[in-house]
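Chemist: Fold the following and give me the result.
(one chain, ligands or ions: 1)
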Amino acid sequence: NPGKKNYHPINDAFWKKGEKTPYLAIAKTFEIIEENSSRLRMMEILSNYFRSVIVLSPNDLLPSIYLCLNQVAPAFEGLELGVAETNIMKAIGQTTGRSLQQIKSDAQQTGDLGIVAERSRSNQRMMFTPAPHTVEGMFNKLKTIAKMSGATSMQKKVDTIKGIFVACRHSEARYFVRSLLGKLRIGLAEQSLLQALAQAITLTPPQDNKNEPYKLNALENRNEATIKQKIEENALKIKTVYCQCPDYNQIIPILISDGVDVLPEKCKMTPGVPLKPMLAQPTKGVSEVLERFDGIEFTSEWKYDGERAQIHMNEKGVISIYSRNQENNTSKYPDIISRIELTTKDRVKSFILDCEAVAWDQEKKQILPFQILSTRKRKDANEAEIKVQVCVYMFDLLYLNGESLVEKPFIKRRELLYDNFQEVEGIWKFATKLDTSDMNELQNFLDEAVKGNCEGLMVKTLEKEATYEIAKRSRNWLKLKKDYLSGVGDSLDLVVLGGYRGKGKRTGMFGGFLLGCYDHENEEYQSICKIGTGFSDEDLKTHSEFFKDHIIKEPRSYYQSDSSLTPDDWFDAVQVWEVKCADLSLSPIHRAAIGIVDPEKGISLRFPRFIRIRDDKKVEDATSAKQVADMYQNQDQIKNQQSTRDIEE
Ligand code: ATP
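Modeler: Alright, predicted model coming up:
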C-alpha cells in the first residue's frame with residue numbers, strides 16, 4: 001500500500017526483490033492517487049511506489065514512468081495510443097459475453113469505460129488462471145498496440161486487447177482501458193512526476209553493490225530539513241536535465257546506474273531530441289519595454305505569425321522539425337528539409353535552429369496570415385502537392401557542431417547564426433531586426449512590422465542576462481503585439497471545461513462554453529469565464545461535434561468552479577482556445593488566480609471573444625493562474641489605483 005505513512009519500500013511492497021513488478025502494484029498506486037486530491041500526498045504515494053521499484057526491480061522504473069504519463073514512447077516520437085472506444089467495447093463484449101448495447105449504456109451512465117471494464121470483468125468465471133500482468137509486459141503490449149497500423153489493424157487490436165483483458169485483476173482493467181483510450185487522467189502532471197522521482201531517488205538511492213543487503217534510506221541520520229533540501233536539489237537537477245533532454249529513455253537508465261549527480265554530464269542536448277522553447281513575457285507598449293530594459297542592451301525583431309519550428313540536424317545529416325510543443329512536424333515540412341542545404345554553409349555539421357515557419361506568397365513576395373498556414377496538411381505531406389509555400393524566419397541558434405550554445409549570450413548566438421547560415425529570398429530569412437533603444441525608432445519599427453503582416457515585435461536582451469532559457473517564460477524576451485496597445489494586451493489560451501446547450505438557432509449544439517486557466521501550484525483548472533461570442537455557426541458545429549466525444553459525467557476533482565456556473569455537460573480537459581477580452585476584473589464566482597490577488601475572489605474576463613483553437617498547446621500549457629494575476633495587475637486602471645493608494649499611504 002503506497003499510501004501508507006512511513007512507507008518501507010521493501011516490507012510494504014507485495015512483490016519480492018528480483019521479481020518483475022506486477023501491473024497490479026501500479027494500478028493500486030493509481031487507485032490511491034485518484035482518491036487523494038492533495039498534490040503533496042499524490043507525489044508521496046507515487047514516490048513510495050517508485051522507491052519499491054528502485055529497490056526491487058529497477059529495470060521497471062522506465063516502463064512505470066511511461067505508464068504514469070500514459071505514453072508508450074517519448075512525446076516527440078509521435079507514437080500514440082488513443083484506441084477508439086467502440087473497439088474497446090467490442091473487446092470487452094467478446095470476452096465477457098455482454099452485449100455491446102449493455103456496455104454502451106453502462107459507459108454512458110458511469111461516464112468511464114475503464115470502470116465499466118473493471119465491473120464487467122468481475123462477472124466472468126474462468127477455466128484457468130492466466131499469468132498476472134507485469135508492468136514491463138503491459139507497457140510492451142500497449143506499445144505493440146500503438147504501433148499496429150494498416151487495413152487489418154483494427155481486428156488485430158481488438159484481439160490483442162481481448163488477450164490482455166482476460167488476465168486483468170481488480171482495478172487493472174480500469175487503468176488498462178483508460179490507458180488505451182489515452183485518458184488515464186489521474187490528475188498528475190509531469191512536473192509532479194519529476195518531483196516524485198526526485199523524492200524517491202533521494203530517499204532510496206539505487207544501491208552500488210547489488211550483492212550486499214540493501215541499506216535503506218541513506219539519509220537516515222540526517223534531520224528532516226536536510227532531507228527536504230536534498231530532495232529539492234535533486235528535483236532541480238532532474239528537471240533542468242529534462243528540459244535539455246526530454247527523453248526518459250536516456251535519463252532513467254543513468255539515474256539508476258549512476259545517480260543524480262552525473263546526470264547533467266551524461267544527458268546532454270542532442271539534435272533529434274526537441275527542447276522546450278524559451279517563451280516571452282507580454283508588455284503593453286514601447287515605453288514599458290524601455291522601462292524594463294533600462295541600462296540593458298537589447299534588440300528588437302519582427303514577431304512573425306506562423307508556427308514555431310525547431311529545426312534539428314545531427315552529425316549524420318538526419319533532419320527533424322519540432323513544434324512549440326515538441327511534436328514531431330518533420331513529415332509536415334518536406335519542403336523545408338529538401339532546402340536545408342541552401343542555408344547551411346559547408347562547415348555546418350550539426351545544429352538546432354529556432355525559427356518561425358510562415359506562409360509565403362511567392363508571386364507577391366509577401367507574408368500571408370497564419371490562417372493560410374493552418375490549411376497545410378499536418379502529416380506525411382508530399383512535397384509536389386504542397387500549395388501553401390513557407391518562408392522560414394531564423395531567429396536563434398541553440399546548438400552548433402556538437403556544442404550547446406544556450407549558455408552563450410544572444411549577441412554571440414546571433415553572430416554564429418549569421419556566420420553559419422545564409423538567406424535565400426522567400427525561403428530562408430533572418431528575422432528582421434533593429435538594435436536601438438530610441439523610443440521613436442522603436443515605435444516606427446513596430447509600425448513597419450505590423451505593415452509587414454507581423455504580429456508586432458519580440459524584444460530580446462543581447463549581452464547581459466541574455467542566455468537561452470529553455471522552457472522558461474523569461475523576462476529577457478518581451479513580446480509587444482499590435483493589439484496590446486490598448487486594453488489588456490495579450491490574448492489568453494484557455495481550456496474548455498464544459499458546454500451550455502444552445503437555444504433558438506443554436507438548438508442541438510453547444511452555444512456557450514465554460515473556460516478555465518491552469519494553476520500550476522495546485523495543478524487544477526480554474527474557471528475564468530463563460531464564452532458565447534466570436535463563433536461562426538460553422539465553429540459551433542465543429543466544437544459541438546468535437547466535444548460530444550469528450551463529455552464526462554462529473555467535473556474532474558481538479559476543476560474549480562462555482563456551482564452557479566455548472567454547465568449542461570462537463571468535458572475532459574483536451575483542448576485549448578485562444579481568447580481575447582475587453583479587460584479582467586475581480587469576480588466572486590470565477591476561481592482563476594484565487595488567492596493571488598484577492599484571498600477570496602478570483603479573476604474573470606469581461607466580453608471574451610473566441611479567436612481560434614490552439615492545437616499546438618497542451619492543456620497544461622494554457623495561460624497560468626499566475627499569468628492571469630499578472631495581466632490583471634498590469635491593467636492601467638489597476639496600476640493607477642495602486643499608485644493612488646501608495647501615495648495616500
Ligand atoms: P505564449 O505561451 O507566450 O503565449 P504563444 O505560443 O501564444 O506563446 P506568442 O505569445 O504569440 O506565442 O509569442 C511567442 C511566439 O512568437 C514564439 O513561440 C514564436 O513561435 C513566435 N515568434 C515569431 N517571431 C519570433 C521571433 N523573432 N523571436 C521569437 N519568437 C518569435
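Chemist: ranges for the helices of the stretch 201-350 of the chain?
Modeler: Secondary structure of the stretch 201-350 of the chain by DSSP state H, counting those that start in this stretch: the helices cover 224-244, 248-258, 263-266, 286-292, 334-338, 340-343.
Chemist: Now the last one - C-alpha only, CSV.
Modeler: Same thing as helix 340-343. Extracted C-alpha coordinates of helix 340-343, given in CSV (Å, rounded to 0.1, in the frame of the first residue of the first chain):
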residue,chain,number,x,y,z
ILE,A,340,18.3,22.9,-45.8
GLU,A,341,21.4,22.8,-47.9
LEU,A,342,20.6,26.2,-49.3
THR,A,343,21.0,27.9,-46.0
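Chemist: Buried residues, the helix or strand following that helix. List them.
Modeler: Note on helix 340-343: by DSSP states H and E, the next helix or strand toward the C-terminus is strand 351-361. Buried residues in strand 351-361, counting neighbours by 16 or more other CB atoms under 10 Å, are found at 351-360. C-beta here means a position set from N, CA and C on the backbone, and glycine is covered the same way.
Chemist: where along the stretch 151-300 of the chain do the strands fall?
Modeler: 279-282, 298-303 (DSSP state E, counting those that start in this stretch).
Chemist: correct me, but Ile103 touches Ser120?
Modeler: Yes - taking CB atoms under 8 Å as the definition, Ile103 is a contact partner of Ser120 at 7.0 Å.
Chemist: any common contacting residues for those two?
Modeler: Each of Ile92 lies in contact with both Ile103 and Ser120 under the rule CB atoms under 8 Å, 6 or more residues apart in numbering.
Chemist: So which residues on the stretch 101-250 of the chain come close to the ligand?
Modeler: Remark: no part of the stretch 101-250 of the chain is in contact with the ligand, using CB under 6 Å from any ligand atom.
Chemist: make that the stretch 451-600 of the chain, sorry
Modeler: That would be 458, 479, 493, which are the residues of the stretch 451-600 of the chain within reach of the ligand (CB under 6 Å from any ligand atom).
Chemist: so how many other residues sit close to the last one?
Modeler: The one in question is Asp493. If you count neighbours by other CB atoms under 10 Å, Asp493 ends up with 22.
Chemist: Enumerate every residue touching it.
Modeler: Contacts for Asp493 (CB under 8 Å, 6+ apart) come out as 576-579, 614, 617, 621-623.
Chemist: Does it belong to a helix, a strand or coil?
Modeler: Assigned with DSSP: H, G, I helix; E, B strand; the rest coil, Asp493 falls in the strand class.
Chemist: still on that earlier bit, of all the helices of the stretch 201-350 of the chain, which one is nearest Glu80?
Modeler: Ranking the helices of the stretch 201-350 of the chain by proximity to Glu80 (CB to CB) places helix 248-258 first, at 16.2 Å.
Chemist: Any idea how far that closest one is from the middle of the chain?
Modeler: Here the centre of helix 248-258 is set off from its chain's centre by 22 Å, with CA atoms, centre = their mean, to the nearest Å.
Chemist: circling back: mind putting the helices of the stretch 201-350 of the chain into CSV with mean neighbour count and mean pLDDT?
Modeler: What follows is the helices of the stretch 201-350 of the chain, written out as CSV (neighbours: other CB atoms under 10 Å; pLDDT from 0 to 100):
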stretch, mean neighbour count, mean pLDDT
helix 224-244, 16, 90
helix 248-258, 18, 94
helix 263-266, 15, 92
helix 286-292, 16, 87
helix 334-338, 17, 97
helix 340-343, 15, 97
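Chemist: Apart from its neighbours in sequence, what residue is nearest the residue of the chain found nearest the ligand?
Modeler: Closest residue of the chain to the ligand, CB to the nearest ligand atom: Arg308 (3.4 Å). With sequence-adjacent residues excluded and distances taken as CB to CB, 6 or more residues apart in numbering, Arg308 is closest to Arg324, at 4.2 Å.
Chemist: What average pLDDT does the one helix or strand Ser604 maps to get?
Modeler: According to DSSP H and E, Ser604 maps onto strand 602-606. Averaged over strand 602-606, pLDDT sits at 93.
Chemist: Take the contacts of Asp493 and keep only those in strands.
Modeler: Among the contacts of Asp493, DSSP state E puts 576-579 in strands.
Chemist: Can you redo these as a markdown table, where the extra columns are neighbour count, pLDDT and distance to Ser192?
Modeler: As requested, the ones in strands among the contacts of Asp493 are exported to a markdown table (neighbours: other CB atoms under 10 Å; pLDDT from 0 to 100; distance: CB to CB, whole Å):
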| residue | neighbour count | pLDDT | distance to Ser192 |
| --- | --- | --- | --- |
| Val576 | 25 | 97 | 20 |
| Trp577 | 23 | 97 | 25 |
| Glu578 | 18 | 94 | 27 |
| Val579 | 24 | 92 | 27 |
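Chemist: Closest to Glu448 out of the residues you listed?
Modeler: Glu578 (25.0 Å).
Chemist: List the residues that contact that closest one.
Modeler: Contact analysis of Glu578 by CB under 8 Å, 6+ apart lists 491-493, 610-614.
Chemist: residue ranges with poor pLDDT in this structure?
Modeler: Along the chain, the model assigns pLDDT under 70 to residues 121-127, 208-222, 483-489, 637, 639-649.
Chemist: tally of neighbours for Met631?
Modeler: That count, for Met631 with other CB under 10 Å as the rule, works out to 23.
Chemist: Would you agree it is in contact with Ser491?
Modeler: No - taking CB under 8 Å as the definition, Met631 is not a contact partner of Ser491, at 10.2 Å.
Chemist: does Lys530 count as helix, strand or coil?
Modeler: Put simply, Lys530 is strand when judged by three-state DSSP.
Chemist: contacting residues for it?
Modeler: 500, 512-515, 565, 608.
Chemist: same question, Pro334
Modeler: 381-383, 386 are the contacts of Pro334 under CB under 8 Å, 6+ apart.
Chemist: redo that, cut-off 7 Å
Modeler: With contact set as CB atoms under 7 Å, 6 or more residues apart in numbering, Pro334 has these partners: 381, 383.
Chemist: Residues of the stretch 301-450 of the chain that sit close to the ligand?
Modeler: Applying CB under 6 Å from any ligand atom, one finds that the stretch 301-450 of the chain approaches the ligand through 301, 303-304, 308, 324, 356, 395, 431.
Chemist: ok, back up a step: make a ChimeraX selection of the buried ones in the contacts of Glu578.
Modeler: The ChimeraX command for the buried members of the contacts of Glu578 (criterion: 16+ other CB under 10 Å) is given here:
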select :491,492,493,610,613,614
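Chemist: among the contacts of Glu578, which two are most distant?
Modeler: Leu492 and Ile613 (13.7 Å).
Chemist: Flag every buried residue along stretch 499-512.
Modeler: 499-500, 502, 506, 509-512.
Chemist: Throw those into TSV and include secondary structure, thanks.
Modeler: Formatted as TSV, the buried residues of stretch 499-512 follow (three-state DSSP):
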residue	secondary structure
Gly499	strand
Tyr500	strand
Gly502	coil
Arg506	helix
Met509	coil
Phe510	strand
Gly511	strand
Gly512	strand
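Chemist: Let me know the closest of these to Met42.
Modeler: The shortest approach to Met42 among the buried residues of stretch 499-512 belongs to Gly499, at 28.5 Å (CB to CB).
Chemist: Okay, and the beta partners of the nearest residue to the closest one once chain neighbours are set aside?
Modeler: In space, and not counting its chain neighbours, Gly499 is closest to Phe510: 3.6 Å by CB to CB, 6+ apart. Taking DSSP bridges as the rule, Phe510 bridges to Arg501.
Chemist: Report the contact partners of Phe510.
Modeler: 499-502, 540, 543-544, 547.
Chemist: how far away is it from His550?
Modeler: 12 Å (CB to CB, to the nearest Å).
Chemist: Same question for Leu353.
Modeler: From Leu353 to His550 the distance is 36 Å (CB to CB).
Chemist: do Asp159 as well
Modeler: With the distance defined as CB to CB, Asp159 ends up 27 Å from His550.
Chemist: Name the residue in those two with the higher neighbour count.
Modeler: His550 (16 against 11).
Chemist: Fine by me, thanks again.
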